[in-house]
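[1] predicted model and sequence below, questions to follow.
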Amino acid sequence: MSPRPVPPEWEQLQERCEQCNACQLGRTRTKLVFGVGKKDSPVLFVGEGPGQQEDLQGEPFVGAAGKLLDEMLSIIDLGRDNCYIANVVKCRPPGNRDPRPEEQEACVGWLYEQIRLIQPKLIICLGRIAAGVLIRRDYRITREHGQWIQKNGIWYTAVYHPSALLRDLSRRPEAFLDLLNIRDKINEVCPELYQ
Ligand code: URA
């Protein structure tokens, strides 16, 4: 399939996001971490927010969790060049704390705009914060990871966050099964990604 042209809105969106002061996080960040990957990919991954390395480099998932995410992507035969990776919040919460609900709320509009422009068919939430924002406020990652729900024509699922999988090796077998299931879903919903 020939790629969709990247709409000019994309650059304007990032420029506007650079100027955002809807919460305090913009004041303490080094770099905005807008997202990386293919801007018309049918598969979008969403994490919670940048950590220290991401803040320094301006790219999502480039620290230890990012290495594991790259391995997770390779299990489903994907790489950073054929999916898109973004976060719920675009600026680093100081000290790597979780983004607060009001910060998530202030920032999530940028993610919604990214979703509107990317038009993904599948959205994979990395961890409970992204799942709580995009799937359901009271989402329980330990009980519900790997399940699919469809909203407005997009399939959503969640897997354990790579940082959780670094801390707790006992969760890795379940995460592996979730990834195989995601690969099957890609084959069903957007097989062109693998051609
Ligand atoms: N954790 C996240 O959720 N996002 C990143 O970009 C890096 C670590």
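    The structure has been received and is ready for your questions.
[2] for this structure, which spans come out with low pLDDT?
    Within the chain, the ranges that satisfy pLDDT under 70 run 1-2.
[3] which parts of it sit against the ligand?
    Those residues of the chain that sit near the ligand, judged by CB under 6 Å from any ligand atom, are 33, 47, 48, 49, 50, 51, 54, 60, 61, 65, 87, 126. For the C-beta atoms, the positions are set from N, CA and C on the backbone; glycine is no exception.
[4] can you report phi and psi for residue 47?
    phi -100, psi -170 (degrees, to the nearest 10).
[5] residue 11 versus that one, what's the distance?
    Remark: distance between residue 47 and residue 11 (CB to CB, to the nearest Å) = 22 Å.
[6] highest neighbour count among the residues of the chain next to the ligand?
    Highest neighbour count within these, by other CB atoms under 10 Å: residue 50, with 31 neighbours.
[7] so what's residue 151 up against?
    Taking CB atoms under 8 Å, 6 or more residues apart in numbering, we find residue 151 in contact with residue 135.
[8] I meant residue 99, not that one.
    Applying CB under 8 Å, 6+ apart, we find residue 99 in contact with 25, 48, 49, 88, 89, 93, 107, 129.
[9] if we go to 6 Å?
    By CB atoms under 6 Å, 6 or more residues apart in numbering, the contact set of residue 99 is 49, 89, 93.
[10] adding secondary structure as columns, could you present those in TSV?
    Shown next, in TSV, are the contacts of residue 99 (DSSP: H, G, I helix; E, B strand; the rest coil):
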residue	secondary structure
49	coil
89	coil
93	coil
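[11] from those, which single one is nearest the ligand?
    residue 49 (5.6 Å; CB to the nearest ligand atom).
[12] how close does that closest one sit to residue 108?
    For residue 49 relative to residue 108 (CB to CB), the value is 11 Å.
[13] three-state assignment of the spatially most central residue of the chain?
    Nearest to the geometric centre of the chain sits residue 46, at 1.3 Å (CA atoms, centre = their mean). At residue 46 the chain is in strand, as set by three-state DSSP.
[14] could you find the closest non-adjacent residue to it?
    Leaving aside its sequence neighbours, residue 46 sits nearest to residue 130 (CB to CB, 6 or more residues apart in numbering; 4.3 Å).
[15] which SS state does the one you found fall under?
    helix.
[16] same question for the one 3 residues further on.
    Here residue 133 takes the helix state, with states given by three-state DSSP.
[17] tell me the residue of this structure that sits nearest the ligand?
    For the chain, CB to the nearest ligand atom, closest residue to the ligand: residue 47, 2.8 Å.
[18] can you pull the contacts of that residue?
    Applying CB under 6 Å, 6+ apart, the residues contacting residue 47 are 87, 126.
[19] can you give me the strands in the chain?
    36-37, 43-47, 84-87, 122-126, 149-151, 154-159 (DSSP state E).
[20] deepest of these, which one?
    Highest mean neighbour count among the strands of the chain (mean count of other CB atoms under 10 Å): strand 43-47, with a mean of 27.
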